[in-house]
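**Student:** Generate coordinates for the sequence data below:
(chains A, B and C, ligands or ions: 2)
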Amino acid sequence: MSHNTGPSDDSTEPVGNNPLEKLAKAAVHVAAIILQIAAVALVVNAFYRYTVGGGFSVIDEGTRFSLLIVVFLGLAGTHIVGGHVKVDLLLSALPRRAMSLINGYLVPVASMLFLGMLGWSGWAATVQMYKQGTTTPSQPYITMWPINAVIPFGCGLLILILLLHLLRRISRALSRDVSAQD
Amino acid sequence: NAESVTLTLAHQYPATQPIGDGYNLWAKRVEELSNGDIAVRVFPGSTLIGSDESFTAVSSGSVSASNMIGGFQAGDIPELASITMPFLFDDYGHYKRAVDGGLRELAAGWYEAKNIKLLSFFPKGNDQVFHKSKFLMTPEDFVGAQIRGVGGVSDDVLRALGANVVRLPTTEVTQGLQRGVVDGIVTNCVAHIGRSWHEQSPYASIVSLKNDIEGLGLNLDVWKGLSEAQQKILMDAAAEMEAFEWDLMERVESKDCFADWAERKVNVQVTTPEQKEALKAKVASVYDDYKAKLPIIEDVRKIVEAAR
Amino acid sequence: MNLGITAGLVTAGLLALLLLGIPIAYVLGMTGIFGLYSATGGTSAWMSLTSGAALHLSSSSLLAIPLFMLMSAYITESGMGPKLLDFTDKWFSKMPGALYSAALAACGVFSTLSGSSVATAGAIGGVVIPEFKRRGLNVKRGMGAVAAGGTLGVLIPPSTAFIIYGELTETSVARLFMAGIVPGIAVLSVFIIYTTIVSHAEERKAPPIDAPDVTWVERWASLRQIWSAIVLMVAVLGGIFFGVVTPTEAAALGALSAMLIGVYVLKGLTWKGVHKAAVRSIYSITMIGTILLGGLILGRAVTMLGISQGLVDLIQGTGQPGWMIIMWIMLLLLFLGMFLDGAAMTVITIPLLFPVISSYGYDPVWFAIVFVVNTEIGLLTPPVGMNLFVVKAISGEPMIDVVKGALPYTLLLTLMLVVLIVFPQITLWLPDLLMGPR
Ligand code: NA
Ligand code: NA
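**Tutor:** Ligands and ions are numbered 1, 2, ... in the order given. Purely as a prediction, here's the structure:
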């Protein structure tokens, strides 16, 4: 399976205490807090409707961003715990060295390519929103760019972590080669 | 000899909604008038993008053209709120005169500043109030009513009238009315009938709180890349489309909806001039609130007054 | 480009990338971006269509998804799984194949609290699969029961699948939830009847050694352990069905109640555990959210490349009767379900199929159920079967054994699919009764 095949197939790196990895974990905690706050806020809103009437526009207009925010804040942390689903049917049939090459190099590079394109498009949109002062179309007219910024943030963070892991792997492979020559 | 181009047009109307026919008409006429030099690929019914994305998609050029709905774009162009203020227009004749008398130019300027050429401008429909058990004709009727709002200026108008505004996804309106999450809704007559909301809200109060705007927006770079002859073709087709949409909206709101309501046994009441004045007075504060951040409201008012 | 070539290229690219072991969400998104890029003539138009798809995650109708997942995480963390299993185990104890049926029934009950199939299979599987091993039962069939029972998570309300379908087709989520109940119970019953018959035959040959003796007093007493689950279920589903709250608010209320029940009633949840559960839910939400996003991007590419319209025209152009169209669609979905996750399959195919279904006058609520049963089958078919993945991860058994164990249930589910297609009343009866006909 793909969630926790363990480190044996080289698809996830053992996690160190690098600042990037700490940031990824912290982002997950922030996401968890945001989601729980949204849940409480929505209950408050429903309760308010039955007691006082109406609702809070900030809750109506703000909570709907929870999924977007959580997904991108959680992106890097989910990779670290091996939580992105993938197919390992063909890979498991390959020789160990080929599997290790694909998992260790090709998959992270391909992932970085996608995350790069997604993050770039998100970055361009964020800059556009910042320049044009885009808000939500309704009260309380929430400024959009800080919300949209989670897209380039999440993608960028994961790219850096993938890059870090890739470099670690390359340096390990190099030192193996050196020791093999000795 | 003009080069041939292919334009993409994305809009949100499925084949069942006549307003979409105007967009399809534009596409068809452009191809006809250009003898096929300009091809238009149409993506109807939100198959490509939703109404909340039309602005960004056209402004950035990922589609050449799309429908611009004022209510969805007040976050992109705050000035749009000034045209969707409550009780701005007496009737469609007045609205049309105001559009020709300066509103079109104003709006086109706002869009152009954000890289969109506004090719046509027409009404999106009057916001009416539909309730499960009573008419809402006077400010007093609104006090304490739980009304599903559609956001933007519309919500401020409801709040100024003393109603409690509740947000509800479109898909949950029927159930929300049925089980009392809300007592009433604000929408135009087409949606009230088309979405079968009349079954749960059979009291139609024709208060015409405000009229939203809609139009066909084209990416400005695309526009500039066309020859003058091609630009003229686009404008001519847009003029035909605009005439179609004005006629449609006027006919629908003055005749068709009433006929449909009668057939569906919906109770309909239209505000008297006195009731309208009372409502108008009650929502004057909305103008004051918006005036602070949108000085353009004064200009809009002048144009509207001149067209009266 | 020719429709067949375009569609073929997209499918081939998708499969190649999938088989290389690149995360599914990224494969969908990447294929989508390349599709958009080529459809828009190599311009930068793909960019705002891509970022627009990401922003679509902030649609208010999708908000219920993370909240239901949060609720599910609280429940799992508070130890509801073992209590549910203990309850169903006691009730089925005198029947042949007791633990298989108990596992299935526990999945069914858990499905009323969880909107996700993977979460259901995970929560019940984590408890019951070790128990199969301990009691020396047929682990293969046990894994099959958990994988299959888990699929009920999206059929029995609440369900993330119905939330996504409702968003895409403007169908009332409350109505869809209601429509899932009877088919859900029917599928569960068929599963249980099957295991009972098979086990009956087996146990006649070799009676089970370790059959616990359970009295009726114990059975009723075990109900006490799960009363909070029942309260939660009634509160959430009742809240939606009686329209006191919207599905989104019900999800928030359910999450909050699950947390309070976990802390104060079950006492399995500490305040630290509350946050831990929320963190765990973030991983699942990110997983489903990215797949949803990848599917949205690919869906746009499919539209822009003209595949959607081409396919719709193709289907309608054949002039075949409605039931033939449905059959073709089912075959297409069974095929796609092998490779695509349910959420991705929904966002890619529904915008394409829904106009066809509507043009033939089929009921959107009925089609939702039929569609979701298809995605359930997809959860059980290799190479991409999320429930297979989950059960394999829990059990540590070879994938082939999980697939074999799930096979009979997959066939039963396919049989039920046919039944649900032929008898729309099974689906529509309850929503029509409670909400009035559409
Ligand atoms: Na469920
Ligand atoms: Na599958």
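**Student:** Looking at chain C, which residue is nearest ligand 1?
**Tutor:** Of all residues in chain C, C:Ser111 sits closest to ligand 1, at 4.0 Å by C-beta to the ion. Quick note: C-beta positions are derived from backbone N, CA and C, even for glycine.
**Student:** Kindly report the same for the stretch 201-308 of chain B.
**Tutor:** For the stretch 201-308 of chain B and ligand 1, the shortest gap (C-beta to the ion) falls at B:Ser201, measuring 31.1 Å.
**Student:** Wait, the residue of chain C closest to ligand 1 touches C:Leu152, no?
**Tutor:** Yes - shown here, C:Ser111 and C:Leu152 form a contact pair, counting by C-beta atoms under 8 Å, at 4.3 Å.
**Student:** Touching both of those two, which residues are there?
**Tutor:** Contact criterion C-beta atoms under 8 Å, 6 or more residues apart in numbering or on different chains; residues shared by C:Ser111 and C:Leu152: C:120, C:184.
**Student:** How about stretch B:146-160 and chain C, any contact?
**Tutor:** No - Stretch B:146-160 is not in contact with chain C by C-beta under 8 Å from any C-beta of the partner chain; minimum separation 10.4 Å.
**Student:** Report the separation between the most centrally placed residue in chain A and B:Ala57.
**Tutor:** By C-alpha atoms, centre = their mean, chain A has its centre lying nearest to A:Leu75, at 1.3 Å. Distance, A:Leu75 to B:Ala57, using C-beta to C-beta, to the nearest Å: 25 Å.
**Student:** residues from chain A in reach of chain B?
**Tutor:** Going by C-beta under 8 Å from any C-beta, the residues of chain A near chain B are A:49, A:52-55, A:57, A:60-61, A:125, A:128, A:132, A:134-139, A:141, A:144.
**Student:** mind redoing it with 10 Å?
**Tutor:** For chain A, the residues in contact with chain B (C-beta under 10 Å from any C-beta of the partner chain) are A:45-46, A:48-50, A:52-57, A:59-61, A:64, A:121, A:124-125, A:128-129, A:132-139, A:141-144.
**Student:** B:Asp94 contacts B:Leu88, doesn't it?
**Tutor:** If you look again at residue B:94, you'll see it is His, not Asp. Yes - using C-beta atoms under 10 Å, B:His94 is in contact with B:Leu88, at 9.0 Å.
**Student:** low-scoring stretches of the chain, by residue?
**Tutor:** Just so you know, I chose chain A. A:1-13, A:15, A:179-182 (pLDDT under 70).
**Student:** look at chain B instead
**Tutor:** Ranges of chain B meeting pLDDT under 70: B:1-2.
**Student:** same thing but at 80, please
**Tutor:** For chain B, the stretches flagged by pLDDT under 80 are B:1-3, B:15-16, B:171.
**Student:** now the strands for the stretch 101-250 of chain B?
**Tutor:** Listed in chain order, the strands of the stretch 101-250 of chain B (DSSP state E, counting those that start in this stretch) span B:116-118, B:122-126, B:128-131, B:146-148, B:164-166, B:184-187, B:203-206, B:211-219.
**Student:** Can I get those strands in TSV including mean neighbour count?
**Tutor:** Output for these, formatted as TSV (neighbours: other C-beta atoms under 10 Å in any protein chain shown):
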stretch	mean neighbour count
strand B:116-118	24
strand B:122-126	22
strand B:128-131	25
strand B:146-148	23
strand B:164-166	24
strand B:184-187	24
strand B:203-206	21
strand B:211-219	25
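**Student:** Nearest spatial neighbour of B:Leu80, chain-adjacent residues omitted?
**Tutor:** Leaving aside its sequence neighbours, B:Leu80 sits nearest to B:Gly70 (C-beta to C-beta, 6 or more residues apart in numbering or on different chains; 4.5 Å).
**Student:** Get me the contact residues on chain C for ligand 2.
**Tutor:** Within chain C, the positions lying close to ligand 2 (C-beta under 5 Å from the ion) are C:338, C:378, C:381, C:384-385.
**Student:** Of all the residues you listed, the one with the weakest confidence?
**Tutor:** Lowest in pLDDT among the residues of chain C next to ligand 2 is C:Val384, which has 82.
**Student:** What is the neighbour count of that one?
**Tutor:** By the measure other C-beta atoms under 10 Å in any protein chain shown, the count of residues near C:Val384 is 23.
**Student:** My read is that it contacts A:Val85, right?
**Tutor:** Yes - look at C:Val384 against A:Val85 with C-beta under 10 Å: they come within range, at 7.9 Å.
**Student:** in chain A, what residue is nearest ligand 2?
**Tutor:** Proximity of chain A to ligand 2 (C-beta to the ion) peaks at A:Val87, 9.8 Å away.
**Student:** ok, now which ones touch the closest residue to chain B within the stretch 251-400 of chain C?
**Tutor:** Per C-beta to the nearest C-beta, C:Thr303 is where the stretch 251-400 of chain C lies closest to chain B, at 5.0 Å. Counting by C-beta atoms under 10 Å, 6 or more residues apart in numbering or on different chains, C:Thr303 makes contact with B:10, B:43, B:46-49, C:35-36, C:39, C:49, C:309, C:348, C:351-352.
**Student:** Is it inside a helix or a strand, and which specific one?
**Tutor:** Take DSSP states H and E as the rule and C:Thr303 turns out to sit in helix C:271-304.
**Student:** re the thing from before, can you tell me how far the residue nearest to B:Leu80 sits from chain C?
**Tutor:** Distance, B:Gly70 to chain C, by C-beta to the nearest C-beta, to the nearest Å: 19 Å.
**Student:** which ones are touching that residue?
**Tutor:** Counting by C-beta under 10 Å, 6+ apart, B:Gly70 makes contact with A:137, B:77, B:79-84, B:107, B:121, B:123-124, B:152-153, B:210-215.
**Student:** how does it look with 8 Å?
**Tutor:** Residues in contact with B:Gly70, defined by C-beta under 8 Å, 6+ apart, are B:80, B:83-84, B:124, B:212-214.
**Student:** Pop out the phi and psi values for it.
**Tutor:** Dihedral pair for B:Gly70: phi -50, psi -50, per degrees, to the nearest 10.
**Student:** and it, how far is that from B:Tyr111?
**Tutor:** 11 Å.
**Student:** what do you get for B:Asp90?
**Tutor:** Taken as C-beta to C-beta, the span from B:Asp90 to B:Tyr111 is 26 Å.
**Student:** Could you check which of those two has the larger neighbour count?
**Tutor:** B:Tyr111 (27 against 15).
**Student:** contacting residues for the closest residue to that one other than its chain neighbours?
**Tutor:** Distance criterion C-beta to C-beta, 6+ apart; nearest residue to B:Tyr111, sequence neighbours excluded, is B:Leu118 at 4.5 Å. Taking C-beta under 8 Å, 6+ apart as the criterion, B:Leu118 is in contact with B:68, B:104, B:107-108, B:111-112, B:215-218.
**Student:** Report the central residue of chain C.
**Tutor:** Short answer for chain C (C-alpha atoms, centre = their mean): C:Val154, at 3.2 Å.
**Student:** Report the secondary structure state of whatever residue of chain B ends up closest to ligand 2.
**Tutor:** Closest residue of chain B to ligand 2, C-beta to the ion: B:Thr47 (25.9 Å). Three-state call for B:Thr47 (DSSP: H, G, I helix; E, B strand; the rest coil): coil.
**Student:** What is the burial count for it?
**Tutor:** Neighbour number of B:Thr47 under other C-beta under 10 Å is 23.
**Student:** List the contacts of the closest residue to B:Leu33 other than its chain neighbours.
**Tutor:** Nearest residue to B:Leu33 in three dimensions, chain neighbours excluded: B:Ile233, at 4.5 Å (C-beta to C-beta, 6+ apart). By C-beta under 8 Å, 6+ apart, the contact list for B:Ile233 reads B:30, B:33-34, B:38.
**Student:** Now the two most distant members of those residues.
**Tutor:** Within the contacts of B:Ile233, B:Leu33 and B:Ile38 form the most distant pair, 8.2 Å apart (C-beta to C-beta).
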